[in-house]
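Novice: fold the stuff below for me.
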Amino acid sequence: MKNIPTDLLRTFVTIKDLGGFTSAGELLGRSQPAISLQIKKLEETLGTKLFLRGTSLALTADGEYLYASAKKMLEINDEIVNKIRGENISGKVRLGIPNDFELAFLPRVLRSFSKTYPNISVEVDCEISKVIQQRYHKNFYDIVLVMEAINANEERDNRDYRIEQLEWVMAHDYTPSRNEVVPLIAYPQGCIYRSITEELLTSHGIGYKAVYTSPSLLGLLSAVEAGLGITVMAHSTVPSKMKCAMTTAALPPLGQVCIGLYYKQEALGTAAQRVLDFLRAGIANLEKSEL
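Specialist: Okay, the predicted model is just below:
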């Protein structure tokens with residue numbers, strides 16, 4: 001009778017939960033080749049393929065069965081270890097995050113995190129990045145994720161930031177008029193998207209009007225879906241129910257923005273470090289929202 005090493009199962013489950021080999025490696029502290037080698041060893045042990053090749057990590061029928069079973073096995077394993085060795089990590093972590101991530105990215109990351117660390121409480125505050133940064137400097141948060149301008153002399157750990165393309169976003173049935181004043185749907189003044197957009201349109205001599213302003217992501221998306229106008233978002237945060245407009249003379253290229261993590265390493269406790277690890281893996285594997 002063969003035994004399945006739990007480290008192979010944990011790697012397999014982590015890949016599925018985080019949506020990528022690279023993200024799983026970052027969280028587990030292994031290189032991408034090492035992660036691939038573990039999956040190959042797991043497949044050889046079981047004599048089957050677990051992932052459909054040529055797809056975005058879709059599982060085979062055997063893979064789906066193993067995923068459900070492996071999660072139960074790992075939960076029992078972790079419960080035993082935590083109970084006997086007293087390694088159950090607990091604590092509260094204060095997290096500030098931009099509104100754009102509150103509906104898709106954050107719930108997905110926290111769902112996976114809470115299963116791994118059920119006794120760590122994450123207190124989340126969603127706001128525009130300018131407000132988050134101000135509160136961070138006043139020590140409101142342990143970790144923050146913000147949208148910011150790209151720093152040409154970036155010296156941070158490359159796990160702590162990601163460069164994203166900005167997109168013009170509108171409802172699928174919305175058709176902008178070639179000669180109209182651009183109807184903007186935006187966050188309040190202080191939002192980096194808004195400042196980049198207004199500066200770009202002004203520099204190109206293109207008229208615009210803020211037709212709807214809200215600090216709520218749901219409010220902005222509802223206005224866009226209703227066809228009131230156009231908004232701007234980072235590519236990976238654009239909901240699938242919206243479309244990204246082609247750049248034209250009336251809608252010039254927007255450029256890029258940086259998604260950055262900030263924290264004080266010397267002040268991070270064990271619980272906050274675990275949250276940071278999951279956030280790093282999450283932003284490394286950002287995909288377009290399914291909302």
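Novice: name the next helix or strand downstream of the longest strand seen in the chain, please.
Specialist: Longest strand in the chain by number of residues, with DSSP state E as the criterion: strand 161-171. Toward the C-terminus, strand 161-171 is succeeded by strand 182-186 as the next helix or strand (DSSP states H and E).
Novice: now the helix or strand following that next one: buried residues?
Specialist: Using DSSP H and E, the helix or strand that directly follows strand 182-186 along the chain is helix 192-203. Applying a neighbour-count criterion of 16 or more other C-beta atoms under 10 Å, one finds I192, Y193, R194, I196, T197, L200, L201 buried in helix 192-203. C-beta coordinates here come from the backbone N, C-alpha and C atoms, glycine included.
Novice: ranges for the helices of the stretch 51-200 of the chain?
Specialist: Secondary structure of the stretch 51-200 of the chain (DSSP state H, counting those that start in this stretch): helices at 61-85, 105-116, 129-137, 192-203.
Novice: how close does D100 get to L37?
Specialist: Separation of D100 from L37 (C-beta to C-beta, to the nearest Å): 36 Å.
Novice: which one of these two is surrounded by more residues?
Specialist: Applying other C-beta atoms under 10 Å to D100 and L37 shows that D100 carries more neighbours, namely 26 against 13.
Novice: pretty sure that one is in contact with T237, am I right?
Specialist: Yes. Using C-beta atoms under 8 Å, D100 makes contact with T237 at a distance of 4.3 Å.
Novice: so for the longest strand of the chain, mean pLDDT?
Specialist: Strand 161-171 comes out with an average pLDDT of 90.
Novice: looking at it, P176 is touching A250, isn't it?
Specialist: Yes. Look at P176 against A250 with C-beta under 8 Å: they come within range, at 6.6 Å.
Novice: just confirm L228 is within a helix.
Specialist: No. Going by DSSP: H, G, I helix; E, B strand; the rest coil, the assignment for L228 is coil, not a helix.
Novice: give me the pLDDT for it.
Specialist: Taking L228 on its own, its pLDDT is 91.
Novice: quick one, what contacts it?
Specialist: Counting by C-beta atoms under 8 Å, 6 or more residues apart in numbering, L228 touches P183, I185, V211, Y212.
Novice: which among the residues you listed gets closest to D160?
Specialist: Nearest to D160 among the contacts of L228: I185, at 30.2 Å, using C-beta to C-beta.
Novice: nearest to V224, of the helices of the stretch 51-200 of the chain?
Specialist: Of all these, helix 192-203 comes closest under C-beta to C-beta, at 13.0 Å.
Novice: which helices and strands sit right next to the closest one?
Specialist: Secondary-structure packing of helix 192-203 (3 or more C-beta pairs under 8 Å, 6 or more residues apart in numbering; DSSP states H and E): strand 143-148, strand 182-186, strand 208-213, strand 231-234, strand 256-263.
Novice: could you export these as TSV, including distance to R30, mean neighbour count and mean pLDDT?
Specialist: Below are the helices and strands packed on helix 192-203 laid out as TSV (distance: least, C-beta to C-beta, whole Å; neighbours: other C-beta atoms under 10 Å; pLDDT from 0 to 100):
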stretch	distance to R30	mean neighbour count	mean pLDDT
strand 143-148	23	22	92
strand 182-186	42	21	92
strand 208-213	45	15	92
strand 231-234	28	24	91
strand 256-263	21	20	91
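Novice: so which of the ones you listed gets nearest Q165?
Specialist: Closest among the helices and strands packed on helix 192-203, using C-beta to C-beta: strand 256-263, at 5.5 Å.
Novice: just list what the following helix or strand past the closest one packs against, helices and strands only.
Specialist: For strand 256-263, the succeeding helix or strand toward the C-terminus, using DSSP H and E, is helix 270-284. Contact analysis of helix 270-284 by 3+ C-beta pairs under 8 Å, 6+ apart lists helix 21-28, strand 91-98, helix 105-116, strand 120-127, strand 143-148, strand 161-171, strand 256-263 as its packing neighbours.
Novice: turn the helices and strands packed on helix 192-203 into JSON lines, columns for distance to T48.
Specialist: Formatted as JSON lines, the helices and strands packed on helix 192-203 follow (distance: least, C-beta to C-beta, whole Å):
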{"stretch": "strand 143-148", "distance to T48": "38"}
{"stretch": "strand 182-186", "distance to T48": "49"}
{"stretch": "strand 208-213", "distance to T48": "52"}
{"stretch": "strand 231-234", "distance to T48": "39"}
{"stretch": "strand 256-263", "distance to T48": "38"}
